[in-house]
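Chemist: Give the three-dimensional model of this entry:
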Amino acid sequence: MIYFILYLFLEVMISSSISSAIGGFSTFLEIIATAMIGISLIANFRYTFFESLSALNNRTISIEEFQKLNAFSLLGALLLILPGFFSDILGLLLQFSFFATIFARKILHVGRNNRYKNFNEKGIHDDVIDVEIIEHNSNK
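Modeler: Numbering: from 1, shown residues only. The predicted structure follows:
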């Protein structure tokens, strides 16, 4: 709840400052332009999804990061659709995987303890000990 109130406060302060500096008509054009960009990003989401899928396949990101990056791309597109300068800034930053990864790792603590950390190059789990079970037949 506190984050939502902080977001609203920053949205009002930043939007009113920028709107007063650039004027009403420019603000209106900015709202329309970023909404169109957000809609086109949602329409072309499959490209971002396949880029993240390729990174997951190369094991540069974990499954959790894959989910978060795709969620952040959609969240960024939705923030671009919403009117307001602060939401537009956040929406643009979340479209870049660099900033989304930083957000996922620093804010949400995702990524460093992923499930691929104990696999070697061949895909074999390193901390599994291979054992052989020998049964003794005591009915001799």
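
Chemist: in the chain, which ranges drop under the pLDDT threshold?
Modeler: 104, 106-132, 138-140 (pLDDT under 70).

Chemist: Give me the buried positions along stretch 49-57.
Modeler: 52, 55-56 (16 or more other C-beta atoms under 10 Å). C-beta coordinates here come from the backbone N, C-alpha and C atoms, glycine included.

Chemist: ok, of those, which one's closest to Gln95?
Modeler: Nearest to Gln95 among the buried residues of stretch 49-57: Ser52, at 12.5 Å, using C-beta to C-beta.

Chemist: How about the closest one: what's its closest non-neighbour residue?
Modeler: Leu69 (4.9 Å; C-beta to C-beta, 6 or more residues apart in numbering).

Chemist: Please tell me how far the helix or strand hosting the one you found is from the chain's geometric centre.
Modeler: Using DSSP states H and E, Leu69 sits in helix 63-81. Computed by C-alpha atoms, centre = their mean, to the nearest Å, the chain-centroid distance of helix 63-81 equals 4 Å.

Chemist: Identify each buried residue in that helix, please.
Modeler: Of the residues in helix 63-81, those buried (16+ other C-beta under 10 Å) are 65-66, 68-70, 72-77, 79-81.

Chemist: got a list of contacts for it?
Modeler: Contact partners of helix 63-81, identified using C-beta atoms under 8 Å, 6 or more residues apart in numbering, comprise 34-35, 37-39, 41-42, 45, 48-49, 52-53, 55-56, 61, 87-88, 90-95, 97, 100-101, 103-104, 108, 110-111, 114-115.

Chemist: Now the element after it, going C-ward?
Modeler: Heading C-terminal from helix 63-81 (DSSP H and E), you reach helix 85-95.

Chemist: Quick check: next helix or strand after that next one?
Modeler: Counting by DSSP H and E, what follows helix 85-95 is helix 97-102.

Chemist: picking that back up, narrow the contacts of helix 63-81 to those that are buried.
Modeler: Buried among the contacts of helix 63-81 by 16+ other C-beta under 10 Å: 34, 37-38, 41, 48, 52, 55-56, 61, 87-88, 90-95, 97, 100-101, 103-104, 110-111.

Chemist: how deep is Val12 tucked in, by neighbour count?
Modeler: Residues contacting Val12 under the criterion other C-beta atoms under 10 Å number 12.

Chemist: Thanks a lot, see you next time.
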